[in-house]
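Got a predicted structure here, sequence first:
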Amino acid sequence: ETGVTQTPRHLVMGMTNKKSLKCEQHLGHNAMYWYKQSAKKPLELMFVYSLEERVENNSVPSRFSPECPNSSHLFLHLHTLQPEDSALYLCASSAETGNDRGYTFGSGTRLTVV
Amino acid sequence: KNQVEQSPQSLIILEGKNCTLQCNYTVSPFSNLRWYKQDTGRGPVSLTIMTFSENTKSNGRYTATLDADTKQSSLHITASQLSDSASYICVVSKDGYKLSFGAGTTVTVRA
């Protein structure tokens, strides 16, 4: 394990469902990130949190709602998703947003929207 | 157009052979360049990280090179093993946390 844990590893949900992805890090990092990885495409940065405050939202649709209750935990709440949202969702953390020291990824959640 | 281009998109090699992956980037200014290995269904794991002043960095059978003048990097895998089958991603850091990712090269090693 890398020190960044994501659950669940796999998720299948209908377009009317509501689900949440969870990310937890025990590296003492202050910054956490959500990425979307679609097949054959580069990773897309979705959200950035620094010390529990959102510092970036890369034009992500409102059907994705992040939550960062403390510096060790990050959630991605999902509702009324579309089939094109099916992808691998990766969480990452780093020492701080001012630099990329210690940038570490979790193993991801494979999401399938049916 | 993506600021980090990788080639080839995929390749197949026989176990024990060597291979080289390419990465061209246009990111500027440039802080560091990393190569990640991503096994199927897993998150990316860092292999090497180089600043603009470094020309080469090794990690076991993996050797990365960097030419900051031509904005090119390569990852050389020596004496490939079945466990090297994975996607290899080139990542360029401009500043802070803002990383630019390549689409990756998928390597398949066959016995």
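Looks like it arrived, so ask away.

What parts of chain A come near chain B?
Contact residues (CB under 8 Å from any CB of the partner chain) of chain A with chain B: A:2, A:4, A:6, A:9, A:31, A:33, A:40-43, A:45, A:48, A:88, A:90, A:92, A:94, A:97-100, A:103, A:105-108, A:110. The C-beta positions use only the backbone N, C-alpha and C, and glycine is treated the same way.

what sits against the closest residue to chain B within chain A?
Proximity of chain A to chain B (CB to the nearest CB) peaks at residue A:105, 3.6 Å away. By CB atoms under 8 Å, 6 or more residues apart in numbering or on different chains, the contact set of residue A:105 is A:2, A:4, A:35, A:90, A:91, A:92, B:43, B:44, B:45.

circling back: just the buried subset of the residues of chain A next to chain B, please.
Listed as buried from the residues of chain A next to chain B are A:2, A:4, A:6, A:31, A:33, A:42-43, A:45, A:48, A:88, A:90, A:92, A:94, A:97, A:99-100, A:103, A:105-108, A:110; burial here means 16 or more other CB atoms under 10 Å in any protein chain shown.

Name the SS class of the residue positioned nearest the centre of chain A, please.
Geometric centre of chain A, nearest residue: residue A:34, 3.0 Å, by CA atoms, centre = their mean. Look at residue A:34: counting by DSSP: H, G, I helix; E, B strand; the rest coil, its state is strand.

From residue A:87, how far off is it?
According to CB to CB, to the nearest Å, residue A:34 and residue A:87 sit 11 Å apart.

For residue B:45, name its beta-bridge partners.
Under DSSP bridges, the beta-bridge partners of residue B:45 are residue B:37.

pretty sure it contacts residue B:36?
Yes: contact criterion CB atoms under 8 Å: residue B:45 and residue B:36 qualify, at 6.2 Å.

Compare the two (neighbour count), which wins?
Set side by side, residue B:45 and residue B:36 show more neighbours around residue B:36, with 24 against 14, by other CB atoms under 10 Å in any protein chain shown.

I'd assumed residue B:89 was in contact with the more buried one.
Yes: Residue B:36 lies in contact with residue B:89 (CB under 8 Å); the separation is 4.4 Å.

Skipping adjacent residues, who's closest to residue B:8 in space?
Spatial nearest neighbour of residue B:8, chain neighbours left out: residue B:105 (6.1 Å); criterion: CB to CB, 6 or more residues apart in numbering or on different chains.

what sits against residue B:61?
Taking CB under 8 Å, 6+ apart, we find residue B:61 in contact with B:77, B:78, B:79, B:80, B:81, B:84.

Out of these, name the ones that lie in strands.
residue B:77 (DSSP state E).

Would you format the contacts of residue B:61 as a markdown table with neighbour count and distance to residue B:23 included?
Below are these laid out as a markdown table (neighbours: other CB atoms under 10 Å in any protein chain shown; distance: CB to CB, whole Å):
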| residue | neighbour count | distance to residue B:23 |
| --- | --- | --- |
| B:77 | 22 | 14 |
| B:78 | 15 | 18 |
| B:79 | 10 | 22 |
| B:80 | 20 | 19 |
| B:81 | 12 | 22 |
| B:84 | 19 | 17 |
